[in-house]
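Trainee: For reference, the sequence and a predicted model appear below.
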Amino acid sequence: MSRLFGTDGVRGVANKELTVELATKLGQVGAHVLTENKHHKPKIIVGCDTRKSGDMLAMALMAGICSAGADAVYLGVIPTPAVAYLARQMKADAGVVISASHNPSEFNGIKFFNGDGFKLSDEMEDRMEEIIRNDLEEVARPTGYGVGELTYDFEAKEKYINFITGSVPIDLSGMKIVIDCANGAAFYTSPKALERLGADLVVLHNEPDGTNINKDCGSTHLSSLKKAVLANNAQVGLAFDGDADRLLAVDEKGNVVDGDQLMAICGLYMREKGQLKKDTIVATVMSNLGFYIMADKQNLNIEQTVVGDRYVLECMREKGYSLGGEQSGHIIFLDENTTGDGLLSAMHLLDVMVNKKKPLSELASVVKVLPQVLVNAKVSNKKKNKYMEDEEIQKAIAELEERFDGKGRVLIRPSGTEPLVRVMIEGQDKEELEKEANKLADFIMERLS
């Protein structure tokens, strides 16, 4: 049995890898571990994105929660960051999200938050996994009054909207904004929040049918958003992913504004207002070299972590920082929420645009993005870490690193959630980068097939 938990919970093809049996066990062990030493009947809130398998897995998970003696409150379709916020607001002992984020609809996932709205530590997940491997022997099976109760609260998303609009209370009257909801969890909350603040909205991909989440839309497929921004003469386009915890933007000229640029725009503005703690932004090894060049010129400090917004968050909490995130658009404003929050990130970006009275293209130009190519080598989950042990692959990587030394960089890493080894090369000549990245990715697949 391979490790259950990746960088963002447990993921797999729903009903094949992520089964109802596994979901039930995760509900049982989650209720056991996350509610230990509670002197009251524990309460766990559960939300999901718009995948067809969401209700199926949620019901199995909540059956497990109730069988372990905790109450479950089902929130239905709701963004991941809303569950993190509501865990605190509703005084829950834990929160769980059924989602596979930006992945295709056949995938799904289960990720946990503690009662303070934070993702679990590696140590906590390891303990949960060990209990499952031991057939849940230490998990209680109460009877009678001790069995948990399932209730529903589909209006909880309104509390999240109120929280967002209250956190960044801006007047968007007269601002033309296009948003892409990815046919996912943002389909209701994002339009409602922006409309409440007066925005002139054009809404794309907000008709989920259970199978169209992330399909040619959202933060991983920006072509339709670019076209809509230009066609509607909009000031900005905003793209969310399936569970709405990340944001990418498109400027008024149709150019992509990625997570690095968004962090730079918001971070510099926060520093002006005295809100950027220790003048520091936390980023990952995947952030573009142009982001680090910007920071040097602007006298900003950058703390670097491994890939994964959970590790960004750990660094922020440990060292007392207020802003961090990833190039992919997971951005954490820790003074307001405990996880990446696409809608909150959008509000902060719009706040800068409104108050600076500058177009997004000008604001984003503070970061000169260097060409960066990412190619995925498709390798089974069992073998995706073996590239580190293969001498021929290591030799090829070393040769490539030597070639780009001083004029770029090479980063190879296994995906935390998918059966892939990611090959990223950064430099000046995009054609050369693509050639070399594809060559190395093909070699990795050949060696590990």
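Mentor: In hand now; what should we look at?

Trainee: so for stretch 279-290, what's the average pLDDT?
Mentor: Regarding stretch 279-290, the rounded mean pLDDT is 93.

Trainee: Next, the buried residues of that stretch.
Mentor: Within stretch 279-290, the residues that count as buried by 16 or more other Cβ atoms under 10 Å are 280, 281, 282, 283, 284, 286, 287, 288, 289, 290. (Each C-beta comes from the backbone N, C-alpha and C, glycine too.)

Trainee: Setting the sequence-adjacent residues aside, check what's closest to the fourth one.
Mentor: Residue nearest to residue 283 in three dimensions, not counting chain neighbours: residue 302, with 5.7 Å by Cβ to Cβ, 6 or more residues apart in numbering.

Trainee: Report whether the one you found is found in a helix, as I expect.
Mentor: No - using DSSP: H, G, I helix; E, B strand; the rest coil, the secondary structure at residue 302 is strand, not a helix.

Trainee: Distance of it relative to residue 263?
Mentor: 10 Å (Cβ to Cβ, to the nearest Å).

Trainee: One more: residue 248?
Mentor: Residue 248 is 12 Å from residue 263, where distance means Cβ to Cβ.

Trainee: Between these two, which has more neighbouring residues?
Mentor: residue 263 (31 against 26; other Cβ atoms under 10 Å).

Trainee: Where does the more buried one fall, secondary structure wise?
Mentor: helix 259-272 (DSSP states H and E).

Trainee: list the buried ones in that helix?
Mentor: Buried residues in helix 259-272, counted by 16+ other Cβ under 10 Å: 259-271.

Trainee: Now residue 110. Nearest residue, chain neighbours left out?
Mentor: Excluding the flanking residues, the one nearest residue 110 by Cβ to Cβ, 6+ apart is residue 10, at 4.9 Å.

Trainee: So which elements touch the helix or strand hosting that neighbour?
Mentor: Residue 10 belongs to strand 9-13 when assigned by DSSP H and E. In terms of contact count using 3 or more Cβ pairs under 8 Å, 6 or more residues apart in numbering; DSSP states H and E, strand 9-13 is assigned the packing partners strand 107-114.

Trainee: Who are the packing partners of the strand it packs on?
Mentor: By 3+ Cβ pairs under 8 Å, 6+ apart, strand 107-114 packs against strand 9-13, helix 20-34, helix 54-67, helix 80-89, strand 94-98.

Trainee: Quick one: closest of these to residue 386.
Mentor: When these are compared by Cβ to Cβ, strand 9-13 sits nearest residue 386, at 19.9 Å.

Trainee: Note down every partner strand of that closest one and its orientation.
Mentor: strand 5-6 (antiparallel), strand 107-114 (antiparallel) (DSSP bridges).

Trainee: list the buried ones in that strand?
Mentor: So strand 9-13, judged by 16+ other Cβ under 10 Å, has buried residues 9, 10, 11, 12.

Trainee: Widest-spaced pair of these?
Mentor: 9 and 12 (10.5 Å).

Trainee: circling back: around the residue nearest to residue 283, how many other residues sit close by?
Mentor: 17.

Trainee: Could you chop this protein up by domain?
Mentor: By the assignment in automatic domain parsing, the chain contains the domains 5-157, 166-364, 372-448.

Trainee: pretty sure residue 324 belongs to a strand, no?
Mentor: Yes - under three-state DSSP, residue 324 falls within a strand.

Trainee: Let me know the pLDDT of it.
Mentor: For residue 324, pLDDT reads 98.

Trainee: Who does it form a beta bridge with?
Mentor: residue 282, residue 332.

Trainee: I'd assumed residue 282 was in contact with it.
Mentor: Yes - taking contacts as Cβ atoms under 8 Å, residue 324 lies within contact range of residue 282: 3.1 Å.

Trainee: Need the overlap of contacts for those two.
Mentor: Taking Cβ atoms under 8 Å, 6 or more residues apart in numbering as the criterion, residue 324 and residue 282 both touch 303, 312, 315, 316.

Trainee: could those be laid out in CSV, adding distance to residue 295 and pLDDT?
Mentor: Below are the shared contacts of residue 324 and residue 282 laid out as CSV (distance: Cβ to Cβ, whole Å; pLDDT from 0 to 100):
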residue, distance to residue 295, pLDDT
303, 11, 97
312, 15, 96
315, 16, 97
316, 16, 98
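
Trainee: Of those - the most surrounded one?
Mentor: Going by other Cβ under 10 Å, residue 312 tops the shared contacts of residue 324 and residue 282 with 28 neighbours.

Trainee: follow-up on the earlier one: closest to residue 422 among the buried residues of helix 259-272?
Mentor: Nearest member of those to residue 422, counting by Cβ to Cβ, is residue 259, at 16.1 Å.

Trainee: Quick check: that closest one touching residue 249?
Mentor: No - contact criterion Cβ under 8 Å: residue 259 and residue 249 do not qualify, at 9.5 Å.

Trainee: Among the buried residues of stretch 279-290, name the ones in helices.
Mentor: 289, 290 (DSSP state H).

Trainee: so which of the buried residues of stretch 279-290 comes closest to residue 63?
Mentor: Among those, and counting by Cβ to Cβ, the member closest to residue 63 is residue 284, at 36.7 Å.

Trainee: Next, count neighbours for residue 88.
Mentor: 17.

Trainee: All the strands of the stretch 301-449 of the chain, in order from the start?
Mentor: Remark: strands assigned in the stretch 301-449 of the chain by DSSP state E, counting those that start in this stretch are 301-305, 323-325, 331-333, 372-378, 409-414, 420-426.

Trainee: what angle sits between the last one and strand 372-378?
Mentor: Going back to what we said before, that points to strand 420-426. Here the directions of strand 420-426 and strand 372-378 differ by 160 degrees (axes from the mean of the first three to the mean of the last three Cα atoms, to 10 degrees).
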